[in-house]
Structures are given as structure tokens and as C-alpha cells.
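K.L.:
What would the 3D arrangement of this be:
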Amino acid sequence: MNKLEQIKAEKDGLDVGADIPRYAQLGVDAIEEGDLERLKWWGIFFRRHSPGHFMMRIRIPNGLTDATQLRTIGEITGRFARGFADITTRQQVQLRWIRIDDVPAILDRLRAAGLVTLQTGQDNIRNVVGCPAAGLTPNELFDASPVVRAFTGAFVGDKAYTNLPRKFNVTITGCRENCTHAETQDLALVPATRSLGGEPVAGFNVLVGGKNGSGGYRIATPLDVFVRPDEAVELCSAVALLFRDHGSREARNKVRLAFLVDDWGVATVREVLEARLGKALERAGADQRLPGVTDHLGVFRQRQAALNYVGLLVPVGRITGDQLIEVARLASRYGTGEIRLTPDQNVIVPNVPDATLGNLTVEPLLKVLRIDPSEIMRGLVSCTGIEFCNLAVIETKARALAVARALEAQVDRRKPVRIHWSGCPAGCGNHTVADIGLLGTKANVDGKAVDAVDIFVGGSSGPWATHGIKLLENVPCDRLPQVLEGLVRHGDPEKVRRQLRAVHPAAPMPASAPKDGPAGSPRIRVEELAEGAGTMLLVHGVEIAVFRRQDRLYALQNRCPHEGGALASGTLDGDEVSCPLHGYRFNVKTGACSTDPALRARTFALVPQAGGFAVVTAPDPTRHPA
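P.N.:
Numbering: from 1, shown residues only. As a prediction, the model looks like this:
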């Protein structure tokens, strides 16, 4: 039994809460060694880089908060945390320089605002991530934030969930634009549709075993399960408790859910999960995600008429107490008081009417937290780094800002580029899914150890996730402006990803279920797709884009003949679909390209089968639509 397992066996982490007032009176030196670890169950983390002080992590499910809560956090930040806080990639807020004698007062103030810090560290279900524009964006299948809140309510404060073998990361999202990095999560629920009882149902497909740390990026595995929103909390709880009961508790770097999935295999995980739930699980539905990503920065029309949400850039997530209070004021003045925190460490002010949008955009704060940052700055993400993190090996936040500003001055970048910094292999900066990912290390230069990074390119999450490749090793940080200038100026991350997929093709999410067609062809029903929507099927290794047009289905090759864009995620206008990469337009009935007549997309027949249709991969130009 490793040391942490001994600590947990002696006393549940939540039980240390009763000792906090006593430790606040006696001081930090009086805290027992085991309790110093257990305080993490209360979101209170001792940091050797700030001797005698703690970091506090505030749980904000789905990143959804409001002006009262953010104002409270801002006031606490100004009084107790030396004036600044950090927004994390899990949509939480971290406070620094907290003294143990101030912790009871801080907890009381947070509790009065409806906020908790419970179970935000160590072997717990961490903050559940969701689309920050949930309920606002027209680019979602449905608003999944109620499921996030319900699941959070099911486990926070419940000792049944406080003794997991390791941390457990979850995302639950209905967003089609992949803003939560689902493939990096231990458990991910992503938008999907399935025909149940002859009716199309919107819900989730389930992925398990993703991770960033503990040996590197492992892309989460499709569990071949579809779950309706009203069943999702039960399933999420069952997966977490399965991990609790069967996950390894030996070497700490080998105990994430990913290792259990690899050891058992997906079929066994599913079988044990069904036994725990006492019922059969539905097979996966049609994945409704698009291949692209969004950062929700800028001004966006909401699904609600005459309203907008406004995404503000918070450079590397660091924000002052005064800025938090000002964001709260703006949300109340121009919106409804709602505020959203994003997985890219930024802030959204929603529900801004058209009539007052212009006034909001000229507020002084928006000259600092911009809605129109450069393409380099808007894709910048950074973990805490060695400034405060016990695991990090290099400084990240200040350096990330300095390098980004140098690149802004050197390169007139017109296309988005995502540059993510992680100070150690734990990967909290999500460097594994960035266009350019930087992983902190040390290099030997003239006999001295200096801060350095390994540079990865082409990583991504989403329905066609890719493992980025390590392009360079041990690059000293003081040389990064010159090294990254060439990558930013001349590199094309999307081309790298296409090449990686060609070399290491990964099976996408099951497109429909059950897969009982002839020779294993996926079966799809007309009602599984919304009118004008498309989805991708994998048929005998061939990617097929299927579209619903005037209640009929049409199939053609998924990869654009121009440069390989995914047609299934393009926009259908009349009979033509536009490639999301460069806008080339193809007729879904004939495959003809109106943009370049020399190009043609291969079309495929759809044949009736078991109440749906299966794709025949032999081309048939004379075929009829389904």
C-alpha cells in the first residue's frame, strides 16, 4: 500500500473539515502530516513555493457562475490572496497566498455565495467540465449543463466518492464544437443521436479512459454506449464507482482509469458496468460533433433572439480581484448577471441585448480583457508552472505571455494557432491537444541546467483526435521566440493532423448502432439526422459522409478531394455541402464540384436494411437516394 492509500485508510479526507478551525488557531506548523494531505479534499493545498501559505481551489461546475459569486471571489482575492487569482483549464478559480488562519472565514464567505471547494484535489471527481456557452450557442445539440449540475450534486460531500484510486476527470457536453477536450477525460459524455422506439432521441455517446498525464496522452476509448440525459447521472456515478472498486491502488503513475480500460478491454468494462446498473445499455448513437473547435472568444449571437454572448480573453487565465469585480459589474449592467468560465481560461458575459452591445464593447475593461485578441494570444493557454505548483519544473505563465508578445511583434498571423504550455508531464495546460504544445523540462547548456521545453505539434481532441508528435526536444526557453517564429510562420497544424491520421488512422465514434448490417456495415436511419445535417460513418475503413436532404439520405466520400477536409462537418445549402476547410462545394447527389469542375466527390449507394439504411462502398452513379 502506497503512502497516500495509508493516509486515506486512516481517515476520510472530508473528515479533516472538523479540524480546520483548530488548525486555523494553532497555525500551519500544527497541521499533522496526514491532515496536510487530507486538506486537499477541502480544496486547500499546501505549496512549498509559497512557504506557510496555501492555494485554494473553488469548484464551479460547467464554469457557470454569476455576478454575486464572482464578486465574492474578487473580494476574497483582494483581501486574502494578494490581489490575483487564476482561472484553470477545468473552469475553476484558484486563489494563492492563503493563510490557514484565514481559511474558515474564506470558506464561510464562499458558502454564503453558494460556492464550495470540496473534492477539487487528490483522489476525487474533479470539477466537471462542460461547454461554457451551454444553453446559449446554436451550435449545440442540447443544453447539457443541467446534467453537469445534477451529477456534481450527486457526489460532492458524499464519502462514497472520496476514496477513488486516483483523480477522475469528467466532461459532459452537448456542444458540437469540441470546446471541452473530451478525449483527455477519464469519462466523457459527448452529443449524439439515436433512434429509440422509432423516434430520434438526443443524448450522449460515452468515452472512457482518456488522460494527459501518467505516461502521456491517451485518447479516450468509445464505450459503444448511448445514454439519454435523464439516465446520464446514474451512468456517470456507476463508472466512477467501478473505478473506485476495481482500479489499481499501487504505483500512483499507473492507476488512472485508462490503465483499467487497457487491462480489461472495453467489452469487459461495458459488461461490468451493465451488471452494476442491472440493465443492458444502448449501443452508441450517431456522433453529432464537428471536427473543428471553438474558443468562444468574441461576440456571438445566442439562440435566444436579439441576445449575444461576449467572450473576453484573460491572458493565461491570470486575473486580478478588481477585474473579477468589474466583470461581475458588467454582467449585471449589460446582461442578466450570469458569467461563464471557459476551458481555455477565459470569461464569457452572456445575455447582452443588441441595443447595449456597443456600450459593453467600449468599456475600459475590454481594452485589457479583449474580445479581439491576436490569433497568437487567443490560443494561448498555460498551467500554473513552478511559481506555485509542486510538480512543475519550469516557470510558465509569465514566460508564455512574454513569448506570445514577441511572436505577435514578429509574425502577422491571420489564422488561429493554439499554443499550450504545461510545466510538467501532468499536462494541466493541455499541451497534448494544441497546435503547438510545450512541455517543461530541463536542458544542459554549457554545464548548467536551464529551463527548456519539448515541442509537440498537431495534437487534437474531437471525433478524429490525434496524438501530436514530438518535433523538438530540450529547447532552452530563452530560444523559444526564434524557434516558434518559424513554426508559427510556416507551419500548418491541420496538415500535420491529416498526415498523422493517414499514418495512424483512429476509428471514430460509432456512427450508428447496432452494427448488424451485411459485412458489418453501420446502419443509419433518416430520423437520426436533423434536416440539413451530416454525419460520418466508417464503412470497411472508408470514411463516408451521410446527409439528410428533404427527408432523404445521400452518401459521398467524407474527405474533400481538394485538401482532405471533413465534408460531414460542412454546411449544407440546398443540394451542396461546403467543405469546412476552404469552402469547396460538392453536390451531395452527384458529387460534382461547382467550385472547381475538375474535382468530384465519390458517391455511394444506400440500401434499405432492418428499418434503416446501410452504405454500399462500391460507387454507383445511378443510385437513388434513401
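
K.L.:
who's in contact with the closest residue to residue 445 other than its chain neighbours?
P.N.:
In space, and not counting its chain neighbours, residue 445 is closest to residue 476: 5.8 Å by Cβ to Cβ, 6 or more residues apart in numbering. (Glycine included, C-beta is placed from N, CA and C.) Shown in contact with residue 476 (Cβ atoms under 8 Å, 6 or more residues apart in numbering): 443, 445, 450, 451, 452.

K.L.:
Output those residues in JSON lines; the columns should cover pLDDT.
P.N.:
JSON lines is the format used below for the contacts of residue 476 (pLDDT from 0 to 100):
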{"residue": "443", "pLDDT": "96"}
{"residue": "445", "pLDDT": "94"}
{"residue": "450", "pLDDT": "96"}
{"residue": "451", "pLDDT": "96"}
{"residue": "452", "pLDDT": "97"}
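
K.L.:
neighbour-wise, which of those leads?
P.N.:
Greatest neighbour count in the contacts of residue 476, by other Cβ atoms under 10 Å, goes to residue 452: 25 neighbours.

K.L.:
What helix or strand is residue 5 located in?
P.N.:
Using DSSP states H and E, residue 5 maps to helix 3-10.

K.L.:
mind checking how far that helix is from the chain centre?
P.N.:
Centroid separation for helix 3-10 versus its chain: 31 Å, with Cα atoms, centre = their mean, to the nearest Å.

K.L.:
average pLDDT for it?
P.N.:
The predicted model assigns helix 3-10 a mean pLDDT of 95.

K.L.:
residues in contact with it?
P.N.:
The list of residues contacting helix 3-10 from outside it, by Cβ under 8 Å, 6+ apart, reads 1, 34, 37, 38, 122, 123, 163, 249, 252.

K.L.:
which residue packs closest to the fourth one, ignoring adjacent ones?
P.N.:
If I follow you right, that is residue 38. Of all residues not flanking residue 38 in the chain, residue 16 sits nearest, at 4.0 Å (Cβ to Cβ, 6+ apart).

K.L.:
How about residue 342, nearest residue that isn't a chain neighbour?
P.N.:
residue 132 (4.3 Å).

K.L.:
if I've got this straight, the one you found is in a strand?
P.N.:
No. Per DSSP: H, G, I helix; E, B strand; the rest coil, residue 132 lies outside any strand segment and is coil.

K.L.:
Now do the phi/psi pair for the residue nearest to residue 445.
P.N.:
phi -60, psi 140 (degrees, to the nearest 10).

K.L.:
And the pLDDT for it?
P.N.:
At residue 476, pLDDT is 97.

K.L.:
which residues pair with it across the strands?
P.N.:
Legend: beta-bridge partners of residue 476 under DSSP bridges are residue 452.

K.L.:
now the residue nearest the centre of the chain, what's its secondary structure?
P.N.:
In the chain, the centroid-proximal residue (Cα atoms, centre = their mean) is residue 180; its distance is 1.9 Å. Under three-state DSSP, the three-state class of residue 180 is coil.

K.L.:
Name the nearest residue to it, ignoring sequence neighbours.
P.N.:
Counting by Cβ to Cβ, 6+ apart, the nearest residue to residue 180 once its immediate chain neighbours are dropped is residue 171, at 4.3 Å.

K.L.:
before we move on, the earlier item: pretty sure the residue nearest to residue 38 sits in a helix.
P.N.:
Yes. Counting by three-state DSSP, residue 16 is part of a helix.

K.L.:
ok, back up a step: so who does the residue nearest to residue 342 touch?
P.N.:
Going by Cβ under 8 Å, 6+ apart, residue 132 touches 62, 63, 64, 91, 179, 296, 340, 341, 342, 343, 348.

K.L.:
Give me the distance between the fifth one and residue 209.
P.N.:
Relative to residue 209, residue 179 is positioned 21 Å away (criterion: Cβ to Cβ, to the nearest Å).

K.L.:
just residue 591 next, same as before
P.N.:
38 Å.

K.L.:
neighbour count winner among the two?
P.N.:
Remark: of residue 591 and residue 209, residue 209 carries more neighbours, 24 against 19, as counted by other Cβ under 10 Å.

K.L.:
tell me the contacts of that one?
P.N.:
186, 218, 220, 221, 256, 257, 258, 260, 261, 262.

K.L.:
what mean pLDDT does stretch 58-73 have?
P.N.:
Stretch 58-73 comes out with an average pLDDT of 98.
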